[in-house]
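S.K.: Give me a 3D structure for the following:
(chains A and B)
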Amino acid sequence: MMRMRTVEISVGAFVLAGAIAFVVLMVQVSGVSLETDSGAYKLYARFSDVAGLRVRSKVSMAGVTIGRVAAIRVDTTYGEAEVEIQINGNTGPLPIDTGARILTEGIVGARYISLMPGADEETLQDGDTIEDTQGALVLENLIGDFITRMGDS
Amino acid sequence: MTAGSRATVFARFARSIAALLQHLGAQVLARLAKLGQASVMWWLAIWGLPRRGDFGLLVRQIYSIGVLSLIIIVLSAFSIGSVIALQFYTQLARFGAEDAVGLGLALVLLRELGPVVTGLLFAGRAGSAITAEIGLMKSTEQLSSMEMMGVDPLRRIVAPRLWAGVISMPLLAAIFNVVAIYGGAVVAVQWLGSDPGGFWSGMQDAVEVWEDLGKGTIKSIVFAVFITWIAVFQGYDTEPTAEGIGRATTRTVVLSSVMVLALDFALTLGMYGEFK
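M.R.: Residues are numbered from 1 along each chain as shown, chains lettered A, B, ... in the order given. Reported below is the predicted structural model:
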């Protein structure tokens, strides 16, 4: 049964190669870290306008990605958007007067949230809301403002 | 024209319409009967497997379906990956966005091209072989002699092939993706001089485990189910002549390729339809 043996060995190697391929796809391509993200926490932020921001958009501080947008809801009473932000575990606590802005990567790039660190000793806890926010700049509104001002002068 | 001849013309017309309808109906019924037959066969075969001694059969089928498809998968993955990287690089470099080569390559491969091209190659390489093999077994009356000996050909012949396809195809698709991504990396990073940091980290930022890898894997499993199903049924349903086997093999490749492309559209619409 030499032949069956080579068949079995090659099938074993094939299955192993497939499993390794899956691991490579997860670790090297999707960037999953094998450590559990224990210290991760959630923050909320309310914006007047989140145009272009999406679920899974980046959240960064000083240009370093430290989290993702987990959910976006609209609050119809105030006409504001409430954004749920998932901060990665290795980031550590943020000061309570941290500010949030919605910026654009490049000129036509994706929208992301940029956090500006504050100076307060107190830190944001899981589930807290960021108070100091600035919504997305919407090009149409800027152009509209510009045209009204042109008309006034 | 007399009233009588007008009536005969009308009667002839009505008869030809009836004949047309009958032909259409017969066609539809025949197709439905085939589909029903194929579904019953699939259902009986897929649950007929887990028995003692079947493991050896399964291993042999994974060998002939999976391992033997490996060479064509690896070769085409490498060339497809490097070609995509080359095209993306030349277009994206015009906007100074060479860093997006990695993420574009990975997303295109994981979501669409990996499962689809693997499916097409799988249909051509493994599906046709399955149909030809079973077709020959049928025309040399091996299947009916098996039945006569009390061996269920659904269990012994069909089931191992169905399961081997479902097991092999996601593995082949994963290997395809890895080889294609590294092929793209060779072209973009080693040859064209794109920044390796931007290439890999841009990819890792954009690719999600479930959203991209998981859903792509689901696609490949669905494709495997349909390709092996079509291949096995075409073999089983062959006209037992040399010509019939040829026709059945062609039909397997054509049908399963069309099926892969149509299903891919349906699955993409269903899984990514909201464009989150």
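
S.K.: can you point me to the longest helix in chain A?
M.R.: helix A:2-24 (DSSP state H).

S.K.: Tell me the first helix or strand C-terminal of it.
M.R.: The helix or strand immediately downstream of helix A:2-24 is strand A:41-47, counting by DSSP states H and E.

S.K.: what helices or strands is the longest helix of chain A leaning on?
M.R.: When contacts are defined as 3 or more Cβ pairs under 8 Å, 6 or more residues apart in numbering or on different chains; DSSP states H and E, helix A:2-24 packs onto helix B:54-65, helix B:159-185. Just so you know, the C-beta spots here come from the backbone N, C-alpha and C atoms, and that holds for glycine as well.

S.K.: Which strand residues bridge the residue nearest the centre of chain A?
M.R.: The residue lying closest to the centre of chain A (Cα atoms, centre = their mean) is A:R68, at 2.0 Å. Counting by DSSP bridges, A:R68 is bridged to A:K58, A:Q86.

S.K.: Could you point out which residue ranges in the chain have low pLDDT?
M.R.: If you meant another chain, say so; for now it's chain A. Applying pLDDT under 70 to chain A picks out residues A:1-2, A:33-37, A:106-109, A:153.

S.K.: could you do chain B instead?
M.R.: B:1-3, B:48-53, B:274-276.

S.K.: quick one, domains of it?
M.R.: Domain assignment of chain B by automatic domain parsing yields the ranges B:1-28, B:48-272.

S.K.: what do you get for chain A?
M.R.: A:1-34, A:43-143.

S.K.: who wins for proximity to B:M148 among the ones you listed?
M.R.: Within the domains of chain A, the stretch nearest B:M148 is domain A:1-34; the backing value is 26.8 Å (Cβ to Cβ).

S.K.: Check which residues of the closest one are buried.
M.R.: A:7-8, A:10-11, A:14-15, A:17-18, A:21-22, A:24-26, A:28-32 (16 or more other Cβ atoms under 10 Å in any protein chain shown).

S.K.: How about stretch B:176-187?
M.R.: With the criterion 16+ other Cβ under 10 Å, stretch B:176-187 contains buried residues B:176-185, B:187.

S.K.: cool, and stretch A:66-84?
M.R.: A:66-70, A:80-84.

S.K.: between those residues, which is nearest B:T131?
M.R.: Comparing the buried residues of stretch A:66-84 against B:T131 with Cβ to Cβ picks out A:R68 as the nearest, at 47.0 Å.

S.K.: Spit out the contact partners of the closest one.
M.R.: By Cβ atoms under 8 Å, 6 or more residues apart in numbering or on different chains, the contact list for A:R68 reads A:56-59, A:85-86.

S.K.: Just the buried residues out of these, in PyMOL syntax.
M.R.: Applying 16+ other Cβ under 10 Å to the contacts of A:R68, the buried members can be selected in PyMOL as follows:
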select buried, chain A and resi 57+58+59+85+86
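
S.K.: Reformat the contacts of A:R68 as JSON lines; add distance to B:G270.
M.R.: Listed next are the contacts of A:R68 as JSON lines, based on distance: Cβ to Cβ, whole Å:
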{"residue": "A:R56", "distance to B:G270": "19"}
{"residue": "A:S57", "distance to B:G270": "24"}
{"residue": "A:K58", "distance to B:G270": "27"}
{"residue": "A:V59", "distance to B:G270": "29"}
{"residue": "A:I85", "distance to B:G270": "29"}
{"residue": "A:Q86", "distance to B:G270": "26"}
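
S.K.: Next, the contact list for A:D128, please.
M.R.: A:43-44, A:96.

S.K.: Please apply the same query to B:A180.
M.R.: B:77-78, B:80-81, B:84, B:105, B:109, B:113-114.

S.K.: Which positions in chain A make contact with chain B?
M.R.: Contact residues (Cβ under 8 Å from any Cβ of the partner chain) of chain A with chain B: A:4, A:7-8, A:10-11, A:13-15, A:17-19, A:21-22, A:24-26, A:28-32, A:54-56, A:58, A:65.

S.K.: max-length helix in chain B?
M.R.: The residue-count maximum for a helix in chain B (DSSP H) belongs to helix B:3-46.

S.K.: now the angle between helix B:159-185 and it, please.
M.R.: Put simply, helix B:3-46 runs at 80 degrees to helix B:159-185, going by axes from the mean of the first three to the mean of the last three Cα atoms, to 10 degrees.

S.K.: tell me which strands and helices helix B:3-46 is in contact with?
M.R.: helix B:159-185, helix B:215-236.

S.K.: returning to what we had before: distance from the chain centre to the longest helix of chain A, please.
M.R.: 39 Å (Cα atoms, centre = their mean, to the nearest Å).

S.K.: Over to stretch B:101-116?
M.R.: 18 Å.

S.K.: With stretch B:183-202 instead?
M.R.: So, by Cα atoms, centre = their mean, the centroid of stretch B:183-202 is 31 Å from its chain's centroid.

S.K.: Run through who's touching it.
M.R.: Residues from elsewhere that reach stretch B:183-202 (Cβ under 8 Å, 6+ apart): A:28, A:31, B:77-82, B:84-86, B:88-89, B:98-103, B:105.

S.K.: Can you get me the start-to-end distance on it?
M.R.: 17 Å (Cα to Cα, to the nearest Å).

S.K.: For that stretch, buried residues please.
M.R.: So stretch B:183-202, judged by 16+ other Cβ under 10 Å, has buried residues B:183-185, B:187-189, B:194, B:198-202.

S.K.: Output the buried residues of stretch B:176-187 as a markdown table; include the columns distance to B:T238.
M.R.: Formatted as a markdown table, those follow (distance: Cβ to Cβ, whole Å):
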| residue | distance to B:T238 |
| --- | --- |
| B:F176 | 30 |
| B:N177 | 34 |
| B:V178 | 37 |
| B:V179 | 35 |
| B:A180 | 35 |
| B:I181 | 40 |
| B:Y182 | 41 |
| B:G183 | 38 |
| B:G184 | 41 |
| B:A185 | 45 |
| B:V187 | 44 |
